[in-house]
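Undergrad: Have a look at this prediction, sequence included:
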Amino acid sequence: MIIGTFKELKPGESRVVLTPTEVAELTGGGHTVLIGKGTGENAGFPDQSYAEAGAELRDGMEEIYAEAELIVKVKEILPEEYHLLREGQILFTCLHPAANREEVNVLLDKKVIAFTAEDTHQYGSPNGEVAGKLGALWGAHYLLSVNGGMGKLVGGIGGVPGIQALVIGAGIVGRSAAHVLSSLGARVTMMDVNIGVLREAQYLLPKGVDTMFSNRSNIRQVLPHVDLVMNCVKWPKHRKDHLITRDMLQLMPQKGGYRRH
């Protein structure tokens, strides 16, 4: 099979779906792998590393789409890619079809065989784990006064406790965030609507993580004591309501030690 990938078009996206290691596995199995030039430059994989793994380099996505039987990507296809799709071509990437009807219609019109990568992981998407861990670190980053935050250290110091963090959602993203925050010394409350996943989280996470059933009343109850909120709920795009309203945010401690009203 001819398999192709190219540098992601989505702004700020540096990930690659194929590293030289995977390329070597595929080419060793008799497949042809086409790599767009510069595909891995922001992820630490220069073109030469792909060539050494057996890939054939191409100038850009137009050539990849024209030759490849299977296109593998990280993110959804963008409008500038629509016209390049061919009937019968196989596409494997994170399509997020529920949030992009236009994209779905294009795939149907082009008669493409498309797989939503985010729904194929038996044990949950690794992207969710990354999102939770990086989200926790960014939360710690923005709590520092040099970054405009309240001047609080996540883990505290001798005589001063760590922050209080609220993680809403006990799935892959939420558990990953809670694990990082609790490891750094934060006091974490994790909420979910599923008592089963909360029980599971109690066994998987450090003892400093408390669990609580998720509803607006409970969220309102804990917000006056919370320094950092991480929303890890998979919220349907069509929903216009919010778990936390702007008025509820005013309950949280504010910079300078007072709350705005």
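TA: Right, received. Where do you want to start?
Undergrad: any chance you could map the strands in this protein?
TA: For the chain, the strands defined by DSSP state E cover 2-5, 32-36, 56-58, 70-72, 90-93, 113-116, 164-168, 187-192, 209-213, 228-231.
Undergrad: Now those strands in JSON lines, please, with extra columns for mean pLDDT, distance to Leu137 and mean neighbour count.
TA: In this view, the C-beta of every residue, glycine as well, is placed from N, C-alpha and C. Shown next, in JSON lines, are the strands of the chain (pLDDT from 0 to 100; distance: least, CB to CB, whole Å; neighbours: other CB atoms under 10 Å):
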{"stretch": "strand 2-5", "mean pLDDT": "97", "distance to Leu137": "28", "mean neighbour count": "23"}
{"stretch": "strand 32-36", "mean pLDDT": "97", "distance to Leu137": "30", "mean neighbour count": "22"}
{"stretch": "strand 56-58", "mean pLDDT": "97", "distance to Leu137": "34", "mean neighbour count": "17"}
{"stretch": "strand 70-72", "mean pLDDT": "97", "distance to Leu137": "28", "mean neighbour count": "22"}
{"stretch": "strand 90-93", "mean pLDDT": "96", "distance to Leu137": "26", "mean neighbour count": "19"}
{"stretch": "strand 113-116", "mean pLDDT": "94", "distance to Leu137": "28", "mean neighbour count": "16"}
{"stretch": "strand 164-168", "mean pLDDT": "96", "distance to Leu137": "12", "mean neighbour count": "25"}
{"stretch": "strand 187-192", "mean pLDDT": "96", "distance to Leu137": "14", "mean neighbour count": "23"}
{"stretch": "strand 209-213", "mean pLDDT": "94", "distance to Leu137": "17", "mean neighbour count": "17"}
{"stretch": "strand 228-231", "mean pLDDT": "95", "distance to Leu137": "11", "mean neighbour count": "20"}
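Undergrad: what about those strands, which gets the closest to Gly155?
TA: Counting by CB to CB, Gly155 lies closest to strand 187-192 out of the strands of the chain; the figure is 10.1 Å.
Undergrad: residues making contact with that closest one?
TA: Strand 187-192 is contacted by residues 161-171, 174-175, 178, 181-182, 198, 201, 205, 208-214, 218-219, 222, 226 when judged by CB atoms under 8 Å, 6 or more residues apart in numbering.
Undergrad: Show me how far that strand is from its chain's centre.
TA: 20 Å (CA atoms, centre = their mean, to the nearest Å).
Undergrad: Just the angle for it relative to strand 164-168, thanks.
TA: Calculated by axes from the mean of the first three to the mean of the last three CA atoms, to 10 degrees, strand 187-192 forms an angle of 20 degrees with strand 164-168.
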